[in-house]
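1. Got a predicted structure here, sequence first:
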Amino acid sequence: MARTGRPQEDYQFTKRDYAKIQRWLDKGKSPEDIALHYGVILKTLYTRLNRAGIKVPESHWRKRLSEKNMIVMSREQVKEMKEMYEAGASFKAIGNKFCISPPTAKRILQDAGVEFLPPGQRSGAARRVKIPVGRLYTLYVERGMSQGQVAKVLGRSRNAVRRELNRHGWIRNKEETT
């Protein structure tokens, strides 16, 4: 069964693992399958096998390593990554969950055919609802409500209301900004 969810550096191959890997390679099992089984990237697998004196057919590893340091992910993992991204998760959050860097998470999603949102619409920004300026003016300027009261009426946070008031220059006094 594939081991996942741990950084590559944490898993140390044992003599038994090396013997098993050698048998798999002799039987024609692909290095991608072996890397997936142990939850490591191909470069890590090749480096460790080289240190242990196990030869991987050169034609295979040169071709694979010349492509980006290939991360081997199962279809289920890629599907979960897609779902997380579509639900608004950042590349950093996805990377943390799968023990990969944010750029690697982005590349895997890109290779899987995911269309990315423009930078201003990623994660929380995609769900952000604008505060109606006219209503904000009426409540805060004309009726004299506090920022907290306006936030409660509009169903927004006090910080969101304060940010919008600052943007329009409508803050009444300095005490309200803190």
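-> Thanks, I have it. This is a predicted model, so every value here is computed, not measured.
2. Next, the buried residues of the host helix or strand of Leu36.
-> Assigning secondary structure by DSSP states H and E places Leu36 in helix 31-38. Buried residues in helix 31-38, counted by 16 or more other C-beta atoms under 10 Å: Pro31, Ile34, Ala35, Leu36, His37, Tyr38. To be clear about C-beta, it is placed using only N, CA and C from the backbone, and glycine gets the same treatment.
3. and that helix, what does it pack onto?
-> Using 3 or more C-beta pairs under 8 Å, 6 or more residues apart in numbering; DSSP states H and E as the contact test, the elements touching helix 31-38 are helix 15-27, helix 42-51, helix 58-66.
4. winner for burial among those helices?
-> Across the helices and strands packed on helix 31-38, the average number of neighbours (mean count of other C-beta atoms under 10 Å) peaks for helix 42-51, which reaches a mean of 18.
5. Quick one: mean pLDDT over it.
-> For helix 42-51, the mean per-residue pLDDT is 82.
6. Distance from the chain centre to that helix, please.
-> 25 Å (C-alpha atoms, centre = their mean, to the nearest Å).
7. what's the angle between that helix and helix 31-38?
-> 100 degrees (axes from the mean of the first three to the mean of the last three C-alpha atoms, to 10 degrees).
8. Tell me which other helices or strands helix 42-51 touches.
-> Against helix 42-51 (3+ C-beta pairs under 8 Å, 6+ apart) you get helix 31-38, helix 58-66.
9. Next, the angle from that helix to helix 15-27.
-> Per the same axes, to 10 degrees, the angle that helix 42-51 makes with helix 15-27 is 100 degrees.
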